[in-house]
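> only geometry, no sequence info:
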């Protein structure tokens, strides 16, 4: 080969090598770029996955909280249902009682009238202790029964209270001032009663004394020998002297 041909061959070879290097460099750069894009996309995908995982964890925690709350609410609702059922039973019981009130009133009102009548008859037949006061109490009971503003329960309470007062007369030793009719003359005296066992009267000048005979429904004059005992009895009932044994004309029980 000539020198010119050698130089030409060298130039052609150099151009060929250079062209080959350019051609082979472009795909490599493209590969790097694609790889970079893949890494970037993978990073973004991983970030999305991480976010979705965190969200799923939050949702799971929220779900568990809702499940626990639901269980608690179920237990509480069962408890409230028990209370409501118990209250309903109470309401039903009250309603039954309310429904029966009219029936009770229909029975209790006639009973109270009979009790008042019986009380009045008893007072008329009893030893006349505080007679006027007791008769006035019966009249007040009749007024109460005719008063629409007084409840049935209050009416019944007052009737029972009157019976309790009557019962107490048989247990007390009392003295009080009053008047009674003796042979057509009204006499002011100090009364003394030993329960229902004896009722006596002492004149204010303490010179005369009487005793009530419930069988005869009349006053009898006491023998003078008993006057001093009646005087002491009146003073004892008024807490002016200490209690002591007294000699009084009391009938023995039959």
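Perfect, I can see it now. The model shown is predicted, which means the values in this text are computed figures rather than measured ones. Numbers count the residues shown, from 1 in each chain.
> any weak-confidence spans in the stretch 51-200 of the chain?
98-99, 101-102 (pLDDT under 70).
> Helices along that one, start to end?
Ranges of helices in the stretch 51-200 of the chain, per DSSP state H, counting those that start in this stretch, are 131-145, 152-169.
> and of those, who's closest to residue 44?
Among these, the nearest to residue 44 by Cβ to Cβ is helix 152-169 (85.5 Å). Every residue, glycine included, has its C-beta placed from N, CA and C.
> could you give the angle of that closest one to helix 131-145?
Going by axes from the mean of the first three to the mean of the last three Cα atoms, to 10 degrees, helix 152-169 is angled at 170 degrees with respect to helix 131-145.
> Check which residues of helix 152-169 are buried.
Buried residues in helix 152-169, defined by neighbour count with 16 or more other Cβ atoms under 10 Å: 155, 158, 159, 162, 166, 169.
> Am I right that the last one is in contact with residue 129?
Spelled out, it's residue 169. Yes - taking contacts as Cβ atoms under 8 Å, residue 169 lies within contact range of residue 129: 5.3 Å.
> OK, contacts around residue 241?
Going by Cβ atoms under 8 Å, 6 or more residues apart in numbering, residue 241 touches 232, 235.
> Can you give me the distance of it to residue 129?
Separation of residue 241 from residue 129 (Cβ to Cβ, to the nearest Å) stands at 22 Å.
> May I ask which helix or strand encompasses residue 240?
Per DSSP states H and E, residue 240 falls between elements, in no helix or strand.
> And for residue 47?
Assigned by DSSP H and E, residue 47 belongs to helix 3-125.
> and that helix, what other elements does it pack with?
Helices and strands touching helix 3-125, by 3 or more Cβ pairs under 8 Å, 6 or more residues apart in numbering; DSSP states H and E, are helix 131-145, helix 152-169.
> which residues sit in contact with the one residue sitting closest to the centre of the chain?
The residue lying closest to the centre of the chain (Cα atoms, centre = their mean) is residue 90, at 12.7 Å. Contacts for residue 90 were tallied using Cβ under 8 Å, 6+ apart; there are none.
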